[in-house]
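Colleague: Take a look and give me a structure for this.
(chains A and B)
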Amino acid sequence: MSDIPNSGFPTSAKCVVIGAGIVGNCVVGHLARLGWKDLVLLDKGPLPNPGGSTGHASNFIFPVDHNKEMALLGEQSANQYRDMDLSVDSGGIEVARTQERMVELQRRMTSAKAWGIEAHLLTPAEVKEHVPFINGEVILGGFYCPTVSVVDSLETGTTMRKEAIDKAGLQVFANTEVLDVITDDTPRPNGRRKVTAVETDKGTIEAEYVVIACGVWSNRIAYMADTYIPLVPAVHQMADVGPMDILAETNNEIGYPIVRDMDTFCYERQSAGSMEVGSYAHRPILHHPDEIPSNAEAALSPTEFPFTPDDFDQQMEEAIELMDMLGDAEIKYAINGLLSLTPDGMPCLGEMPDVENLWSAAAVWVKEGPGMGQVVAEWMHYGYPRVIDSHGADVARFYDEEKSDEHIWARAEESFNKTYGIVHPAEQWADRRMLVDSPYRSRQEALGAEFFQARVWERPQWYTSNADLVERYGLEERKVEWDNRWWSPITVAEHLNLRENCGLIDLSAFQIYELEGSGAVEFADYLAVNKIDVPVGRSVYTPWLNADGGFHSDLTMMRMAEDRVRIVTGVFDGGRDDFWVRKHMPNDGSVTFTNLSKEISTLGLWGPNAPAVLGQLTDQDLSQDGSPYGSYLPVTIAGVECHLFRISYVGDTGWEIYVPWDQAPSVFDAIMKAGEDHGLRVTGGGVYSLSGRIEKGYRLMGAELESEYNPVEAGLARPKVKAADFIGKEAYLAAREAGSEVQCVTLIVDDNVDSQGRQRFMQGGNEPILDLDGNRIVDSHGRASRVTTAGYAPSLGKNLLMGYLPNELAEPGTKLQSMYMNELYPCTVVGPGSAFDPDDTRLKS
Amino acid sequence: MKILCCVKRVPAPGAKINVTADGMDVDAAHLGFTTSPHEECGVEGAIQLKEEHGGEVTVLTLGPGDAEEQLRYAASVGADHGVLIATDGTAYDPQRTAAAIVEAVEELESAEGGDGTEDGEFDLILFGNESADAGGFQVGIRVAHALGRPIVQGIKGIEVGDESITARREIDGGFEVYELPRPAVLGVKEGLNLPRYPTMKGRLASKKIEIQSMEVDADEGGQSRVRLHRPEEQISETVILGEGPEAAAAVVDVLEELGVL
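Modeller: Numbers count the residues shown, from 1 in each chain, chains lettered A, B, ... in the order given. Sure thing, here's the model as predicted:
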């Protein structure tokens, strides 16, 4: 039955959602729940299965993921499917064929504990009890999760759509092809255009909001609005084999747990009397959206491409090895099914940075569809998603260098076989490196820099030229390969040298913007919690909040002149912050926005000898009086006009030096020369972003700071609140009034020796912090205490952890436990302050 | 018994078939390829006869190198040998195709087997009634004629006796039954049987079968392709009469209009 009302085609709507797969249907359903009316849903295919990826999905949800957003939205989605009674808990087992995978399953157990998901490690015999037809000889064990579920995504879409029809009078038009997405291109100071209408083969609909929920076609629709959603359609091969009596006898769509054969990158999922064998092991097979046929042209559906059996043969052999009965089962149906891949494996959600009111709800799989539909609907309604912090999925996160087919294809090719892979938290990409040039690149390469990539920017993590320091400080490699991977004792050596002498750190990946004009300071104050209307030459560290009072960002703003404010933010948040400014800035000409990130380079010079080094290069009074903490002063260094910013993110005295990009190399050389007799060494990002930071307990956006927490909880609220209005002020005042039930604290790991007698070095984050009975700690908002940052503190010789704890457990000296690789380690709360130099004496020297 | 089954690699289209810009071919950009459905039944029929009577099944195709995929598919459901008569990728007319197949058959039938004796002739050669793409209805008949063997088209039932082959085809209101002396040729139709799917083990085994590649050519025949034409789509209109019991009256009206009631 069609649910198309017998009305004519609309000429206007508040919101047009393009795409009636699981995502588009959930977006309209959640918008309707939020009270939105005047909604239109379009799809070029028929209903209820318009032919996108939803129609051929395997429809199962494994709720454990190391990534917080994916885990919590997966769980949220699973619960929404359950609430609609369109889900069954089949259970699922990830089996290991290798010892390395067995270790990874311990890591899975840790993540399961963090998210409160029931999970068990099984012996091969126990796996066989659940799945009697598995070959116990080829596996070493399994990770069993009873709440793995199988869902009916098509029926869920129909249910959500009907809810929107009932609640909001949603109009639905199937078999309706979008021909163009029209924007108002009148130039505006914020550089953004505005979506105005959707042109279809049935007519044009003027729309205030347009949502692209078109799965693998999303970028084709984005192109129509002259914008870009970085995703590529990629093949996931799947074969349905059967029938098999043992499956048919269950008289059920699914009677046995789903098996993920993790080391062969395959899964076996019962579908009534048959087994679906799916693979992420074959060569990456990518397609351009324009290669996808129409519904009429497709032999099956448009996203079910002809099966290429040569790519699947090895997986068949391995599947038969795991389940011998599969060998004699007939291959009834096999496809090269399309799904969406992005450059970083995360979805593309949120408003398009360059087109106002054009929203992306793309690169979302069935397993997180309802949750992400809710995210997008809430984001449109409240200005920010309430259900979870979604910064990792924000479509504004991408830099221009990431918005090309070349980049997306290369990243998708590299990441596809990691779908079931064991991916280290610090794992670096092999391809598409050195995308943004650095003024110091040749010098850094000569010094043996080991580069880590931050989105598209490259930062030296450590320098092999400092290997001599390893011997000087008596350091060694870590014994456990996992802890040693993407790590070097040189980074500890550089840290200790900075504390003893000084270090020069390349911070050129900083994102630097300027606001200028008669309204610049007023607008800057509107963005920031703390007062920006300060004397020229002063800087302000400040949170930026969303309307709910949670963190959007934390950064530094400098009063450059009466009518000019500089903004300096971290590289991982550059895209989002650039967009946030342009989204909110007035378009009356009172403010201009400039991105100076590739015009100004930043160097960090810190350590007890930093003043002596810099003193040789400038006449500026570098004492605490002449260059006080937080001051931002124009100076001449080695003949180059720079700005000197007294600040520290590593806990030792020193400066960030802002240098014109093209003159930066000469300043770098002059500082290195001046530091020759002061123990100065080039120093990597491992010290800046981790070891130096964590010793001081400095918070990081995306780790400690997320939209789920506010400045009161993070310990970043100041004694007074400024008079001027700012985004999130009302919520912030309420949070101050209510007080905080949690605190952001540092913990020290008292003993890091594991059950095998090996020293472990925690890394990654998201591991659970537990009470002494091993219970999870959860606050009244449902937020679990977990490790937000983990790192080794060279100055203390201990591992430190950061995280949020309820007030009663946040008292210094409280004994707790943290989990790492499924083992418990005793730890002690340091408190909200620093574990190292808590009185900041080194900063004041 | 020895059975030869001739198959053709054809596009597996959706509802809409696109033609290339020069009008000379089906645009296969979005398409997978398959075996003509009649011939799938031929392969299944051959395998069933082998299972019943013993012997071996050889599958032959004439086409581009990619047509090996169809031979391996046949092997994955039970064929023993595959023979590929490679073309240069251009479409062969029926006369040329038939002539090439005749030459190949003669070569296969006179070849030495592993035991040093001649392999001998095929007891039965199966064709599809017509190909799914060109629909020429000619190749099987031309081959049978050239080999001097009897052929019946449109076959939906085969039984093998010691000296003869009994073949059955549908006609209005009943069947025609033919008895052919061995060796014989049949053009079979969909409905002959329900072809099996390959098993995973069958697929893997098919990878190991050696495909015999033959260099055979023949002169072009008298039929040439001028161009392909895609007829205008017939667009049917759907009218929703209503939902649930309320629609009953409207349904009655339509049925009366059609004269059904």
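Colleague: so where do the helices sit in the stretch 151-261 of chain B?
Modeller: Assigned helices in the stretch 151-261 of chain B, in chain order: B:200-206, B:248-257 (criterion: DSSP state H, counting those that start in this stretch).
Colleague: of the ones you listed, which approaches residue A:417 most closely?
Modeller: With Cβ to Cβ as the criterion, residue A:417 lies closest to helix B:200-206 of the helices of the stretch 151-261 of chain B, at 21.7 Å. In this view, the C-beta of every residue, glycine as well, is placed from N, C-alpha and C.
Colleague: Give me the distance from the closest one to the chain's centre.
Modeller: 22 Å (Cα atoms, centre = their mean, to the nearest Å).
Colleague: Tell me the helices and strands packed up against it.
Modeller: helix A:313-322, helix B:68-76 (3 or more Cβ pairs under 8 Å, 6 or more residues apart in numbering or on different chains; DSSP states H and E).
Colleague: so how far is the next helix-or-strand element following the first one from its chain's centroid?
Modeller: In this case it means helix A:313-322. Next helix or strand after helix A:313-322 toward the C-terminus (DSSP states H and E): strand A:330-341. From the chain centre to the centre of strand A:330-341 is a distance of 29 Å (Cα atoms, centre = their mean).
Colleague: Which positions in chain A make contact with chain B?
Modeller: Proximity of chain A to chain B, by Cβ under 8 Å from any Cβ of the partner chain, involves residues A:1-2, A:4, A:6, A:239, A:241, A:291-300, A:305-307, A:309, A:313, A:316-317, A:319-320, A:326-332.
Colleague: out of those, which are buried?
Modeller: Among the residues of chain A next to chain B, those scoring as buried are A:239, A:241, A:292-295, A:297-300, A:305-307, A:309, A:316-317, A:319-320, A:326-327, A:329-331 (criterion: 16 or more other Cβ atoms under 10 Å in any protein chain shown).
Colleague: Where does residue B:33 sit: helix, strand or coil?
Modeller: Following DSSP: H, G, I helix; E, B strand; the rest coil, residue B:33 is assigned to strand.
Colleague: Please tell me the pLDDT value assigned to the residue of the stretch 651-800 of chain A at minimum distance from chain B.
Modeller: Closest to chain B within the stretch 651-800 of chain A is residue A:764: 38.2 Å, counting by Cβ to the nearest Cβ. For residue A:764, the pLDDT comes out at 80.
Colleague: so how far is residue A:789 from it?
Modeller: Residue A:764 sits at a distance of 10 Å from residue A:789 (criterion: Cβ to Cβ, to the nearest Å).
Colleague: Would you convert the helices of the stretch 151-261 of chain B into TSV that also reports mean neighbour count?
Modeller: Converted to TSV, these look like this (neighbours: other Cβ atoms under 10 Å in any protein chain shown):
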stretch	mean neighbour count
helix B:200-206	20
helix B:248-257	11
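Colleague: After the strand or helix carrying residue A:818, which helix or strand is next? Please name it.
Modeller: Take DSSP H and E as the rule and residue A:818 turns out to sit in strand A:815-820. Where DSSP H and E defines the elements, the next helix or strand beyond strand A:815-820 is strand A:823-831.
Colleague: and that following strand, which residues are buried?
Modeller: Buried residues in strand A:823-831, counted by 16+ other Cβ under 10 Å: A:823, A:824, A:825, A:827, A:829, A:830, A:831.
Colleague: go on, stretch B:131-147?
Modeller: The neighbour-count check on stretch B:131-147 (16+ other Cβ under 10 Å) flags B:131-134, B:136, B:138-144, B:147 as buried.
Colleague: Out of these, the closest to chain A would be?
Modeller: Using Cβ to the nearest Cβ, the buried residues of stretch B:131-147 come closest to chain A at residue B:132, 12.4 Å.
Colleague: nearest spatial neighbour of whatever residue of chain A ends up closest to chain B, skipping sequence neighbours?
Modeller: Of all residues in chain A, the one sitting closest to chain B is residue A:306 (2.5 Å; Cβ to the nearest Cβ). Nearest residue to residue A:306 in three dimensions, chain neighbours excluded: residue B:32, at 2.5 Å (Cβ to Cβ, 6 or more residues apart in numbering or on different chains).
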